[in-house]
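Q: everything below, folded, please.
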Amino acid sequence: MSAPPFRRRTRSRYRARARRHGVQALAPPRCAPPADARRLFKRALGKAKLPAFRLYDLRHTFASLLLAASAPITYVSAQFGHVNPSTTLR
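A: Model (predicted):
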């Protein structure tokens, strides 16, 4: 089964860029799956000697810090992709 056209174009561009920089590239890098991201985050917390918390908690911290700094609720809402600012305030 061949890759869809957009995937082939992405690979082609990635390989061309790698050749320009003198590096061999087999395929574009992929994002870490959610389980891997959680594991890497947990490991980073341990190395930094920080208390355990969820990666998702950073989202709430970001919102709280923006609101504490008097950022407009419409701005905070847009940062989180919420259509309705009241969703942000829940």
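
Q: downstream neighbour of the helix or strand that contains Ala37 in the secondary structure list?
A: Assigned by DSSP states H and E, Ala37 belongs to helix 34-47. For helix 34-47, the following helix or strand on the C-terminal side (DSSP H and E) is helix 57-68.

Q: got the contact list for the helix or strand that that following helix is followed by?
A: Remark: after helix 57-68, the chain's next helix or strand is helix 73-79, criterion DSSP H and E. Under the contact criterion CB atoms under 8 Å, 6 or more residues apart in numbering, helix 73-79 has outside partners 62-63, 66-67, 84-85, 87-89. (Each C-beta comes from the backbone N, C-alpha and C, glycine too.)

Q: now the buried members of those residues.
A: With neighbours counted using 16 or more other CB atoms under 10 Å, those contain these buried positions: 63, 66, 88.

Q: so who does the last one touch?
A: Going by CB under 8 Å, 6+ apart, Thr88 touches 63, 73, 76-77, 80, 82.

Q: what does the second one give?
A: Residues counted as contacts of Leu66 (CB under 8 Å, 6+ apart) are 75-76, 79.
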